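Trainee: Give me the fold of what follows.
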Amino acid sequence: CWMYKDNALFQGFSLRPVLDWVRRAIWRAYGDSGLIPSGVIAYGRQSESGLKPRRWLNAQEVVDLTGATLVDFRSFDTIRDEVRALMSASVVLTVVGAHIPASLFMRPGSTWIELGCKRVVAQQWGQAWPILLSALGVEFIQLDAEDCPQDPPLGLTVNPWIPLHQHPIMQRPVAAMSQEVAVCHASALCIFRANAEPLNS
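Mentor: Okay, the predicted model is just below:
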């Protein structure tokens, strides 16, 4: 979301201090680094589930090559375990997935390396994750897998723009309110006011 970019709303605007405050509050509550001695984590589901039957098939090969500690976030007993693991990680090696918000627990200057298909991810999520990790001070490196399509299926392309009166937020009671409402998605920030055009996009 563009809200995570410096100067997105006005000159001098930045969410970096806010994100840093949240991260430090989490560290104070749950943190105690040193859980991952190598400083390198490789994360990928090690078992299939009915909800998301996906696995990183050669995760162990990556571990052997890099000396990483192989973890499965689902196996952590508490949020404290997850926070401690990410605090002590200088590098996270992983595949595309919904676990990327865990980068909030990482220290600035650390690196998140993600294997996937960059064009497909960009069609689905835009530049949301690179922008967010940049705001966190975490380097984000995307690697293409060997069998990524050169031209992703057209069915994956989603046009996020719809007429203002059809936007879901305008269909809800909040639309009757007079204040402005900020809506954030993968590639832009729009500020809506009831019965008006977007103020900024």
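Trainee: So which residues of this protein form helices?
Mentor: For the chain, helices defined by DSSP state H occupy the ranges 16-30, 59-66, 79-87, 118-125, 128-136.
Trainee: If I look at the residue nearest to His99 when sequence neighbours are not counted, what pLDDT would I see?
Mentor: Computed as Cβ to Cβ, 6 or more residues apart in numbering, the closest residue to His99 that is not its neighbour in sequence is Phe73, at 5.6 Å. Just so you know, the C-beta spots here come from the backbone N, C-alpha and C atoms, and that holds for glycine as well. Note on Phe73: pLDDT of 80.
Trainee: ok, so what distance separates Ala89 from Pro17?
Mentor: 23 Å (Cβ to Cβ, to the nearest Å).
Trainee: Glu146 too?
Mentor: Distance from Glu146 to Pro17, by Cβ to Cβ: 41 Å.
Trainee: Between the two, which is the more surrounded one?
Mentor: Remark: of Glu146 and Pro17, Pro17 carries more neighbours, 8 against 5, as counted by other Cβ atoms under 10 Å.
Trainee: Where does pLDDT dip in the protein?
Mentor: 1-2, 33-37, 45-54, 125, 152-201 (pLDDT under 70).
Trainee: contacting residues for the residue nearest to His99?
Mentor: 43, 82, 99, 102 (Cβ atoms under 8 Å, 6 or more residues apart in numbering).
Trainee: between these, which is nearest Val63?
Mentor: Tyr43 (10.6 Å; Cβ to Cβ).
Trainee: Could you give the bridge partners of the closest one?
Mentor: The partner list for Tyr43 in beta bridges (DSSP bridges) reads Val71.
Trainee: wait, it sits on Val96?
Mentor: No: applying Cβ atoms under 8 Å as the test, Tyr43 and Val96 come out as separate, 11.4 Å apart.
Trainee: who has more neighbours, those two?
Mentor: Neighbour count, other Cβ under 10 Å: between Tyr43 and Val96, Tyr43 has more, with 23 against 19.
Trainee: distance of the more buried one from Pro17?
Mentor: Tyr43 is 28 Å from Pro17, by Cβ to Cβ.
Trainee: Chain neighbours aside, what residue packs nearest to Gly67?
Mentor: Nearest non-adjacent residue to Gly67, counting by Cβ to Cβ, 6+ apart: Ser38, 5.4 Å away.
Trainee: how about the one you found, what does it touch?
Mentor: 67-69.
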